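A.B. asks: Model the following, please.
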Amino acid sequence: MNYPQTLQKAQTLLAQKHHTQAVQTAASALENLLVELYNELLGQSPPARQKQLVEAQEKVGGGQPLNKLTLGRLVGVYRASRAQEDLHKTLGLTLTFLDVHALAPLVDIRNRAVHEGQEPDPAEAAYIVNQVELILRETGRLPASPPVGRRSPDRAPDELRPWWHTAMPHRDIREGRFDPKVFAVDLAQVVEGDAVPEYKDPDTFFQRTFLTRGLRSTLTGVLRRLAGRDDGVAITQMATVFGGGKTHTLLALYHVVAHGAQVAYLEPVAQLLAEAGLDASSPLFGGSPSQSPPLGGSPSQSPPLGGSPPPLSPPQAGGTKGGATLAGGDERGGDARGGGERGGDAG
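C.D. replies: Now for the predicted structure:
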């Protein structure tokens, strides 16, 4: 592909307000670049790493060749194979703008334009064209930008690039439908499927959630408990101010337990599972209840990760005697809180 020519075409379409065509043209350049870089990795990696790269391609791509995959599938291949680091270690690329873990907005805009027929707004189209230009430039597919102090011949003197060409606001802000209530997560709505995609969809949730030290520690402790390990944490006390991340932590726990196998391809989740001594092939992910380690009861009472545990009413959780025990612990200053106390770094 002639990248300078393709980018020039995308910029011309953008200037003429043909936003859908501009997005398609710029996205095609990015798709071609991702295929080229992956093939270069295959050619320059040792045999063991080549096998991992091929396996990830076959798993995500369903056996199709790279040049037949969509942009979203290509990004999925990079994530599943953890090829981002290889671009630096193997190919020697120093990357700032090409980060496969940050391409979700670009893929979403492209898919809505191509598959759903939604015309991108000017900010979205400009964002993609400019991002692709920066990616092509840092991977050596375009000439280096002019030195600071020298203007490009096609730009007017003292012209400053609009800020939204580089840092595009979220879609709800651009469309004037921002709702502050989105910051107050309702876990019941998530479980029932009525929440916004940022909270309801496990892939989107973990792509947009930074796993802090406290959050990783809480999730790892629960996963170890589910795996039947002695160092697992059964009860955690989180002491944070309003907005400190308590509900976000609960939501992360829900998604990693209910959809662990689905999101195991994401690097942060994969690292989390590794720290807990688990992987996506563990019986906890989609196994039958009889295969799962007991959680204080018989194996048949323990739901697998990926399933939906039955709701527990107070009698099931210990009955009158259990309630009295917990109440007594409360009165004694929290003796029943158990292990794994956490501070304000929960989320």
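
A.B. asks: What are the boundaries of the helices in the stretch 1-150 of the chain?
C.D. replies: Taking DSSP state H, counting those that start in this stretch, the helices of the stretch 1-150 of the chain run over residues 3-15, 19-44, 47-61, 71-81, 84-89, 104-114, 122-138.

A.B. asks: Which of these sits closest to A270?
C.D. replies: helix 71-81 (9.3 Å; CB to CB). Every residue, glycine included, has its C-beta placed from N, CA and C.

A.B. asks: by contact count, what packs against that closest one?
C.D. replies: If you count contacts as 3 or more CB pairs under 8 Å, 6 or more residues apart in numbering; DSSP states H and E, helix 71-81 packs onto helix 19-44, helix 47-61, helix 104-114.

A.B. asks: Would you mind pulling up the elements that the first one packs against?
C.D. replies: For helix 19-44, the packing partners by 3+ CB pairs under 8 Å, 6+ apart come out as helix 3-15, helix 47-61, helix 71-81, helix 84-89, helix 104-114, helix 122-138.

A.B. asks: can you count the residues close to the nearest residue to R112 once chain neighbours are set aside?
C.D. replies: Spatially, and ignoring its direct neighbours in sequence, R112 is nearest to Q118 (4.3 Å; CB to CB, 6 or more residues apart in numbering). By other CB atoms under 10 Å, 13 other residues sit near Q118.

A.B. asks: Quickly note the distance from Q118 to T209.
C.D. replies: 26 Å (CB to CB, to the nearest Å).

A.B. asks: Please apply the same query to L14.
C.D. replies: 32 Å.

A.B. asks: do D231 as well
C.D. replies: Counting by CB to CB - D231 and T209 are separated by 24 Å.

A.B. asks: now L142
C.D. replies: For L142, the distance to T209 equals 33 Å [CB to CB].

A.B. asks: now do L272
C.D. replies: 11 Å.

A.B. asks: out of these two, which sits in the more crowded spot?
C.D. replies: Under the criterion of other CB under 10 Å, the comparison of L272 against T209 puts L272 first, with 23 against 20.

A.B. asks: where does the stretch 201-347 of the chain dip in pLDDT?
C.D. replies: Scanning the stretch 201-347 of the chain with the threshold set as pLDDT under 70 gives 281, 283-347.

A.B. asks: Could you rerun that using 50?
C.D. replies: Counting by pLDDT under 50, the stretch 201-347 of the chain shows low-confidence ranges at 287-347.

A.B. asks: What count of nearby residues applies to G245?
C.D. replies: Look at G245: counted by other CB under 10 Å, it has 22 neighbours.

A.B. asks: Next: the one 3 residues further on.
C.D. replies: The burial count assigned to H248 is 20, neighbours taken as other CB under 10 Å.

A.B. asks: Quickly find the element holding it.
C.D. replies: Using DSSP states H and E, H248 falls within helix 246-258.

A.B. asks: Give me the buried positions along whichever helix or strand comes after that helix.
C.D. replies: Following helix 246-258 in sequence order, the next helix or strand is helix 267-275 (DSSP H and E). Residues of helix 267-275 classed as buried by neighbour count (16 or more other CB atoms under 10 Å): 269-270, 272-273.

A.B. asks: same question, stretch 121-138
C.D. replies: The neighbour-count check on stretch 121-138 (16+ other CB under 10 Å) flags 123-133, 135-138 as buried.

A.B. asks: same thing with stretch 198-215?
C.D. replies: Buried residues in stretch 198-215, counted by 16+ other CB under 10 Å: 199-207, 209, 211, 214-215.

A.B. asks: Excluding chain neighbours, what is closest to the spatially most central residue of the chain?
C.D. replies: The centre of the chain sits closest to Q207, judged by CA atoms, centre = their mean, with a distance of 1.8 Å. Leaving aside its chain neighbours, Q207 sits nearest to A104 (5.4 Å; criterion: CB to CB, 6+ apart).

A.B. asks: doesn't F206 make contact with the one you found?
C.D. replies: No - under the criterion of CB atoms under 8 Å, A104 makes no contact with F206, lying 10.9 Å away.

A.B. asks: Tell me who's in contact with A10.
C.D. replies: A10 makes contacts with 22, 25-26, 29, 129, 132, as judged by CB atoms under 8 Å, 6 or more residues apart in numbering.

A.B. asks: Against L266, how distant is it?
C.D. replies: According to CB to CB, A10 stands 29 Å off from L266.

A.B. asks: what does P180 give?
C.D. replies: From P180 to L266 the distance is 28 Å (CB to CB).

A.B. asks: out of these two, which sits in the busier spot?
C.D. replies: Neighbours of P180 and L266, each counted by other CB under 10 Å, are more numerous for L266; the result is 19 against 6.

A.B. asks: Need the nearest residue in space to that one, chain neighbours excluded.
C.D. replies: Spatial nearest neighbour of L266, chain neighbours left out: F206 (5.2 Å); criterion: CB to CB, 6+ apart.

A.B. asks: One more: K59?
C.D. replies: Nearest to K59 is A80, by CB to CB, 6+ apart, at 6.2 Å.

A.B. asks: so how many other residues sit close to that neighbour?
C.D. replies: Residues near A80, counting by other CB under 10 Å: 21.
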